[in-house]
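Trainee: Next come a sequence and a model predicted from it.
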Amino acid sequence: MAGRINEEDIAEVRDRARIDDVIGSFVALRNAGGGALKGLCPFHAEKTPSFQVTPARGFYYCFGCGEGGDVITFVQKMSNLAFTEAVEQLADRYGVQLRYDESGTGPRTAPGSRLRIMEANAAAADFYAGQLLSADGVAARQFLDSRGFGRQAAERFGVGYAPRTGRALATHLKSKGFSEEELIAAGLVRQAGWDFFQGRALWPIRDAGASVLGFGARRLYDDDRMPAKYLNTPETAVYKKSHVLYGLDLARQNIGRKAQAVIVEGYTDVMAAHLSGVDTAVASCGTAFGEDHARLIQRLLGGDAFNGEVIFTFDGDEAGQKAALKVFGGDQHFAAQTYVAVEPTGLDPCDLRLQHGEVAVRELVGRRQPLYRFVMGNVLSQFDLDRVDGRLGALRAAAPLVGSIRDTSLVAGYVRELAQLVGMDVDEVRGVVSRAANRSIPGGSRGAKAPVRTAVPAPAEPPPDDDEPPHPDDDGQDTLTGYDLPAPGARGLVVERDTLKLMLQRPEVFSRASEPWFGVTGADYTHPAYAALFTAVSAAAADAGDERRFAQAVVDSLTDESLRHLCVQLTVEPHPMRVDARYAQEYCAKLRLLSLQRTTAQLKSRLQRTNPVENEKAYNQMFSRMVALEAERRELLRLSSGD
């Protein structure tokens, strides 16, 4: 694997990839005045534009949902990529040659290769879709028809057909200018030159931005040489099965808007769910739903994650129970509540729609039950509750499940429910659950402590790759926040906020001052977040002559995610006045004046409490300081008024 990307190349990517150009391919932007652009936010549903882009500084921010960042952040969130992958994608698009440090073995792929793979995949998707309508595609059309999907549904989901001839796709794409090496790298052609998919129905697997990453294929013919019913694109530079979800391009916005994600098991299940009105459905591709998928869903839920819900559809058979137990083991990866929707007849969403209609699919999701309750029911069913030893065994097996419930306010009720199910005393059940969870349970003599999951161990985190030091944003996750951010219109903090806003948006007017930042220091800020951000602003003073590089330097220097969020917000937030050096000096004088008034009030209080006879020296020193502060106050009043 390659080492870390050279920082100069990352800066070059930011310079060449104009943020208005990149975002403009997803969002219709219009002039908002002051060099800013506005549009409807792509991260949440809205009717009035609150999404703002400032091309001069290279940042975007949504004043509705709080999403913000630079051009790399935008690509990360839109396409659900890691930091390095987003940089590589932009580098391919804008022709930047990336260099990697010497700890690795060089780039993962040749420059431009990722872009060519994406282009080849898009061309292949068009080819397959066209073949579905050909005479040879009759078997695929018959299969879709047998599953309740007509031509309109096939076009909506981009379903296609791979001819049986073996080289049809390769011949077609080579005529479009793609080399055999590029087609092999994309997983479309095998080393021997044969098409990877032959005689199968195909579904394009897209990222959140609707770019085709790979394909999923189903067997149609009994003499198919590949034994597996389903076959997926092999791992490529853009397709990693543990990082993709089928239907993501269709469900992404709905998941964020409804704070709900429905996880089904197959491509036709996703189709059936969406056609039935369950437009938050996605499915894993060729692998079980895992930790990386969970993190992806968590990001899609965004700000509503803690109030959201993740619903898994499982069969009621033994395989479904095992799948539920596995998901329960990774449940700690969700902040949202997890549920299970089980069809008693064992039908999957596709068969359910086919046999009982679209209403039945919606009802399936509506009948969801908490994941823990489904798992606990399966655990209890393994014991004979008519026997004393059976009840005790059931309690010991179920206690860790109840003790691992994330919401401790619900545990007391679940303890009573478990006591009723096993027919035992509530206090006895509470004691067993408390010991299993290694904490006190509400309803006993002590209050609840933080939840500790003990039912199923969490999967171990993979060791970091020595060849590529992790970037702070590489996993797409936010770091822990350490500051409570002030409200934009908080009374008493308006001057502090606006001064920082000026510094971030127009640093060049401050760089011409006779003293740094017109004399403002960190002590002039009363809010910890503003004070910490000013410290970062001061540290980046060397870049103050270039407004774009300056804002990026400040953001890059911040390790606390809440401060990064605040910095981006202030960088994009509009300012009503035209700023020059004199105006900036006035604003800084106002901030310093407020700080001086606080200092004067404290000194006056000490002076009043000091006896001038008993502590003459200290009194005289404080009095002299008061005189000096008064002179400074008059000067700041003059500067703040523009005189």
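Mentor: Thanks, I have it. These figures come from a predicted structure and were not determined experimentally.
Trainee: Select the longest helix from the chain.
Mentor: Longest helix of the chain, by residue count under DSSP state H: helix 581-609.
Trainee: what's the span of stretch 208-226 from first residue to last?
Mentor: 30 Å (C-alpha to C-alpha, to the nearest Å).
Trainee: Please apply the same query to stretch 187-201.
Mentor: End-to-end span of stretch 187-201 (C-alpha to C-alpha): 17 Å.
Trainee: now swap in stretch 101-121 and tell me
Mentor: 30 Å.
Trainee: average pLDDT for that stretch?
Mentor: The average pLDDT for stretch 101-121 rounds to 69.
Trainee: Equivalent analysis for stretch 235-251, please.
Mentor: Stretch 235-251 shows a mean pLDDT of 89.
Trainee: Work out the gap between that stretch and the centre of the chain.
Mentor: What separates the centre of stretch 235-251 from the centre of its chain is 15 Å, taken as C-alpha atoms, centre = their mean, to the nearest Å.
Trainee: tell me the pLDDT at the nearest residue in space to residue 28 that is not next to it in sequence?
Mentor: Counting by C-beta to C-beta, 6 or more residues apart in numbering, residue 39 is the residue found nearest to residue 28 once chain neighbours are left out, at 5.5 Å. Every residue, glycine included, has its C-beta placed from N, CA and C. pLDDT, residue 39: 90.
Trainee: Now for residue 39: which residues touch it?
Mentor: Residues near residue 39 by C-beta atoms under 8 Å, 6 or more residues apart in numbering: 23, 27-30, 49, 51, 53.
Trainee: ok, back up a step: could you point out the helix or strand that follows the longest helix of the chain?
Mentor: Helices and strands here follow DSSP states H and E; after helix 581-609, the next one along the chain is helix 616-640.
Trainee: shouldn't residue 379 be in contact with residue 398?
Mentor: Yes. Counting by C-beta atoms under 8 Å, residue 398 is a contact partner of residue 379 at 5.2 Å.
Trainee: Which strand or helix spans residue 262?
Mentor: Secondary structure assignment for residue 262, by DSSP H and E: strand 260-264.
Trainee: now residue 221
Mentor: Residue 221 belongs to no helix or strand when assigned by DSSP H and E.
Trainee: which of the contacts of residue 39 lies closest to residue 360?
Mentor: Checking those against residue 360 by C-beta to C-beta gives residue 27 as the nearest, at 37.0 Å.
Trainee: Okay, and the beta partners of the residue lying closest to that closest one once chain neighbours are set aside?
Mentor: Setting aside the residues directly before and after it, residue 27 is nearest to residue 39 in space (C-beta to C-beta, 6+ apart), at 4.1 Å. Judged by DSSP bridges, the bridge partners of residue 39 are residue 51.
Trainee: ok, residue 39 to residue 308 distance?
Mentor: Distance of residue 39 to residue 308, given as C-beta to C-beta, to the nearest Å: 25 Å.
Trainee: do residue 178 as well
Mentor: According to C-beta to C-beta, residue 178 stands 41 Å off from residue 308.
Trainee: again with residue 626
Mentor: Plainly put, residue 626 is 57 Å away from residue 308 if you go by C-beta to C-beta.
Trainee: Also residue 588?
Mentor: For residue 588, the distance to residue 308 (C-beta to C-beta) stands at 43 Å.
Trainee: so residue 416 makes contact with residue 426?
Mentor: Yes. Using C-beta under 8 Å, residue 416 is in contact with residue 426, at 5.6 Å.
Trainee: Let me see the domain layout of the protein.
Mentor: Domain assignment of the chain by automatic domain parsing yields the ranges 7-94, 113-239, 245-370, 382-437, 494-640.
Trainee: any chance of those in JSON lines, plus distance to residue 485?
Mentor: Formatted as JSON lines, these follow (distance: least, C-beta to C-beta, whole Å):
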{"stretch": "domain 7-94", "distance to residue 485": "10"}
{"stretch": "domain 113-239", "distance to residue 485": "27"}
{"stretch": "domain 245-370", "distance to residue 485": "13"}
{"stretch": "domain 382-437", "distance to residue 485": "25"}
{"stretch": "domain 494-640", "distance to residue 485": "5"}
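Trainee: Now do the helices in the stretch 301-450 of the chain.
Mentor: 318-329, 349-356, 358-366, 371-380, 388-403, 408-422, 426-437 (DSSP state H, counting those that start in this stretch).
Trainee: The fifth one - contacts with which helices or strands?
Mentor: By that I understand helix 388-403. Secondary-structure packing of helix 388-403 (3 or more C-beta pairs under 8 Å, 6 or more residues apart in numbering; DSSP states H and E): helix 371-380, helix 408-422, helix 426-437.
Trainee: out of the domains of the chain, nearest to residue 483?
Mentor: Here domain 494-640 is closest among these (C-beta to C-beta), at 4.1 Å.
Trainee: what's the distance between that closest one and the middle of its chain?
Mentor: Remark: domain 494-640 is offset 35 Å from the chain centroid, using C-alpha atoms, centre = their mean.
Trainee: can you tell me the average pLDDT over it?
Mentor: What domain 494-640 shows for mean pLDDT is 80.
Trainee: Please apply the same query to stretch 386-403.
Mentor: Mean per-residue pLDDT for stretch 386-403: 84.
Trainee: what about dumping the CA coordinates of that stretch to PDB?
Mentor: Provided in PDB are the C-alpha atoms of stretch 386-403 (Å, rounded to 0.1, in the frame of the first residue of the first chain):
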ATOM      1  CA  ASP A 386     -41.400 -25.100  32.800                       C
ATOM      2  CA  ARG A 387     -38.300 -26.400  34.700                       C
ATOM      3  CA  VAL A 388     -36.500 -24.500  37.400                       C
ATOM      4  CA  ASP A 389     -33.100 -25.200  35.900                       C
ATOM      5  CA  GLY A 390     -34.400 -24.200  32.500                       C
ATOM      6  CA  ARG A 391     -35.600 -20.800  33.800                       C
ATOM      7  CA  LEU A 392     -32.300 -20.200  35.600                       C
ATOM      8  CA  GLY A 393     -30.400 -21.100  32.400                       C
ATOM      9  CA  ALA A 394     -32.600 -18.800  30.300                       C
ATOM     10  CA  LEU A 395     -32.100 -15.900  32.700                       C
ATOM     11  CA  ARG A 396     -28.300 -16.300  32.700                       C
ATOM     12  CA  ALA A 397     -28.200 -16.400  28.900                       C
ATOM     13  CA  ALA A 398     -30.500 -13.400  28.500                       C
ATOM     14  CA  ALA A 399     -29.100 -11.200  31.300                       C
ATOM     15  CA  PRO A 400     -26.100 -10.000  29.200                       C
ATOM     16  CA  LEU A 401     -28.500  -9.000  26.400                       C
ATOM     17  CA  VAL A 402     -30.600  -6.800  28.700                       C
ATOM     18  CA  GLY A 403     -27.600  -5.400  30.500                       C
END
